[in-house]
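*Asks:* Build the 3D model from these lines:
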Amino acid sequence: MAGESNAAFLSVAATEFTEVMVGEGAGRVRDLFGRARAVAPAIVFIDEIDAIGARREDSSLDGHREREQTLNQILIELDGFRQRDNVIVMAATNRPEILDEALVRAGRFDREITIGLPDREGRREILQVHVGTKRLAADVDLDAIAGITRGLSGADLANVMNEAALLSARRGHQEISMSALEEAVERSTMGISRAHVLTDEERRVVAVHEAGHAVVARVVPEGRLPHMVSIIPSGRSLGRAWMTDTHDRLVYSRAALIDEMAILLGGRVAEQLVFGDAGSAALGDLAEVGRIAQKMVRELGMSDMLGPVGYPADGDRDGRVTTYSDDTARVIDAEARRLVDEALKRADAVLRSSRDALDRMTSALLESETLTAAQIEQLVEVPARAPAPV
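*Replies:* Below is the predicted model of the structure:
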């Protein structure tokens with residue numbers, strides 16, 4: 001912004017104002033704004049403003065007194081009687097909900113711009129930026145990589161590209177291949193592949209589990225499509241099924257959330273179907289299923305018993321905790337269980353009707369350890385879903 005407006009730029013971290021001696025922080029604030037006025041037009045940027053801009057509390061401790069004096073000085077500089085012509089003040093924080101009300105009222109920091117994680121198109125463009133002078137192989141599809149990196153920040157994506165370059169250099173390759181990028185994503189999200197030797201029975205259990213995820217995802221209408229399935233241990237996981245959407249969903253229907261839980265339960269259901277019992281491989285899946293079911297009931301109003309009423313578990317933005325009766329708590333638990341049972345039945349029905357596909361994918365995983373989206377599509381012969389409208 002400073003470059004576009006041809007203005008001077010002054011940046012400071014809020015922690016630099018934090019001092020034990022009363023008055024030093026306020027003095028540094030006056031010096032900062034004095035320098036800004038001297039070189040105006042200027043933009044002043046304060047990073048991590050919550051370090052000094054959190055809600056003020058009644059306390060006689062020197063540390064609190066110093067922080068409050070520093071905050072008061074910032075408030076004075078923002079809209080006090082002193083002239084602040086041609087000086088724009090910006091600040092950043094990851095915790096806007098704890099900022100003091102006086103700091104964010106009209107005339108001060110009254111415009112909030114939320115900068116979230118990049119969407120799919122943004123991730124693709126960020127990856128393209130970090131390609132730089134690196135040479136990519138002909139098989140590289142950055143849009144596909146963007147599809148399996150939802151939730152990663154710009155720094156994470158830069159790390160993925162650098163990791164892929166290092167992997168290619170270690171192997172003596174002159175270009176970065178698609179397989180190197182996929183391995184870099186796995187390293188960034190799950191950790192480095194472990195040299196853990198699984199027994200034949202353990203490998204079969206992991207293969208059945210991951211195949212169950214992929215088959216359910218391929219068949220249910222609202223599920224995310226499988227991009228790759230692997231039974232190579234990485235980080236804390238013994239295997240992984242990567243899913244990708246045609247687009248980054250922001251709105252989920254009830255059916256989509258049921259299908260999402262069915263995919264997560266697909267591994268456990270497949271184990272029960274093949275071995276007659278389920279092991280410990282579904283630990284993380286079950287935790288995520290519980291989170292989705294509780295959210296559907298508590299916050300999204302997807303319960304027939306409770307109706308369109310929200311019961312946030314962690315309180316609202318003002319810090320007030322929403323309370324409810326023990327009877328309501330029991331209904332919430334019962335309704336969440338009912339939704340999980342519905343997803344469980346859906347996963348079971350899909351896998352029973354697609355048992356041949358499950359067995360084919362299990363055998364293919366045991367043979368090659370990793371399957372791509374194209375291979376999965378050949379093993380599970382169901383009509384491909386139409387892409388989401390743009």
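*Asks:* Thought Leu75 was touching Ala102, still the case?
*Replies:* Yes - Ala102 is in contact with Leu75 according to CB atoms under 8 Å; the separation is 5.9 Å. The C-beta positions use only the backbone N, C-alpha and C, and glycine is treated the same way.
*Asks:* which residues are common contacts for the two?
*Replies:* Shared contacts of Ala102 and Leu75 (CB atoms under 8 Å, 6 or more residues apart in numbering): Arg108.
*Asks:* Mind pulling up the pLDDT for the most centrally placed residue in the chain?
*Replies:* By CA atoms, centre = their mean, the mean C-alpha position of the chain lies nearest to Gly151, the distance being 3.3 Å. On the pLDDT scale, Gly151 is placed at 83.
*Asks:* Next up, the contacts around it.
*Replies:* Applying CB under 8 Å, 6+ apart, we find Gly151 in contact with Leu117.
*Asks:* hang on, it in a helix?
*Replies:* No - counting by DSSP: H, G, I helix; E, B strand; the rest coil, Gly151 falls outside a helix, being coil.
*Asks:* residue boundaries of the helices in the stretch 251-390 of the chain?
*Replies:* Secondary structure of the stretch 251-390 of the chain, counting by DSSP state H, counting those that start in this stretch: helices at 254-275, 283-298, 326-353, 355-368, 373-379.
*Asks:* Of the ones you listed, which stretch is the most buried?
*Replies:* Across the helices of the stretch 251-390 of the chain, averaging neighbours per residue (mean count of other CB atoms under 10 Å) puts helix 254-275 on top, at a mean of 23.
*Asks:* How far does it sit from its chain's centre?
*Replies:* On the basis of CA atoms, centre = their mean, to the nearest Å, helix 254-275 is displaced by 22 Å from the centre of the chain it belongs to.
*Asks:* Using PDB, list the CA coordinates for that helix.
*Replies:* Extracted in PDB, the C-alpha atoms of helix 254-275 (Å, rounded to 0.1, in the frame of the first residue of the first chain):
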ATOM      1  CA  ARG A 254     -26.500 -31.800   5.500                       C
ATOM      2  CA  ALA A 255     -26.100 -34.500   2.900                       C
ATOM      3  CA  ALA A 256     -22.500 -33.400   2.200                       C
ATOM      4  CA  LEU A 257     -21.600 -33.600   5.900                       C
ATOM      5  CA  ILE A 258     -23.100 -37.000   6.200                       C
ATOM      6  CA  ASP A 259     -21.100 -38.200   3.200                       C
ATOM      7  CA  GLU A 260     -18.000 -36.600   4.700                       C
ATOM      8  CA  MET A 261     -18.500 -38.700   7.800                       C
ATOM      9  CA  ALA A 262     -19.200 -41.800   5.700                       C
ATOM     10  CA  ILE A 263     -15.900 -41.300   4.000                       C
ATOM     11  CA  LEU A 264     -14.100 -41.000   7.400                       C
ATOM     12  CA  LEU A 265     -15.900 -44.100   8.600                       C
ATOM     13  CA  GLY A 266     -15.200 -46.000   5.400                       C
ATOM     14  CA  GLY A 267     -11.800 -47.300   6.700                       C
ATOM     15  CA  ARG A 268     -13.300 -48.800   9.900                       C
ATOM     16  CA  VAL A 269     -16.300 -50.300   8.100                       C
ATOM     17  CA  ALA A 270     -14.000 -51.900   5.500                       C
ATOM     18  CA  GLU A 271     -12.000 -53.500   8.300                       C
ATOM     19  CA  GLN A 272     -15.200 -54.900   9.900                       C
ATOM     20  CA  LEU A 273     -16.400 -56.100   6.500                       C
ATOM     21  CA  VAL A 274     -13.200 -57.900   5.600                       C
ATOM     22  CA  PHE A 275     -11.900 -59.100   9.000                       C
END
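*Asks:* I'd like to know which elements that helix is packed against.
*Replies:* Judged by 3 or more CB pairs under 8 Å, 6 or more residues apart in numbering; DSSP states H and E, helix 254-275 is in contact with helix 200-219, helix 283-298, helix 326-353, helix 355-368.
*Asks:* Could the C-alpha coordinates of the second one be exported in CSV?
*Replies:* Just to be clear, that refers to helix 283-298. The C-alpha coordinates for helix 283-298 follow below in CSV (Å, rounded to 0.1, in the frame of the first residue of the first chain):
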residue,chain,number,x,y,z
LEU,A,283,-8.4,-43.2,15.9
GLY,A,284,-8.1,-39.9,14.0
ASP,A,285,-11.1,-40.6,11.8
LEU,A,286,-13.4,-41.2,14.8
ALA,A,287,-12.3,-37.9,16.4
GLU,A,288,-13.1,-36.0,13.2
VAL,A,289,-16.5,-37.7,12.9
GLY,A,290,-17.4,-36.7,16.4
ARG,A,291,-16.4,-33.1,15.8
ILE,A,292,-18.5,-32.9,12.6
ALA,A,293,-21.6,-34.6,14.2
GLN,A,294,-21.4,-32.3,17.3
LYS,A,295,-21.1,-29.2,15.1
MET,A,296,-24.0,-30.3,13.0
VAL,A,297,-26.2,-30.6,16.1
ARG,A,298,-24.8,-27.8,18.3
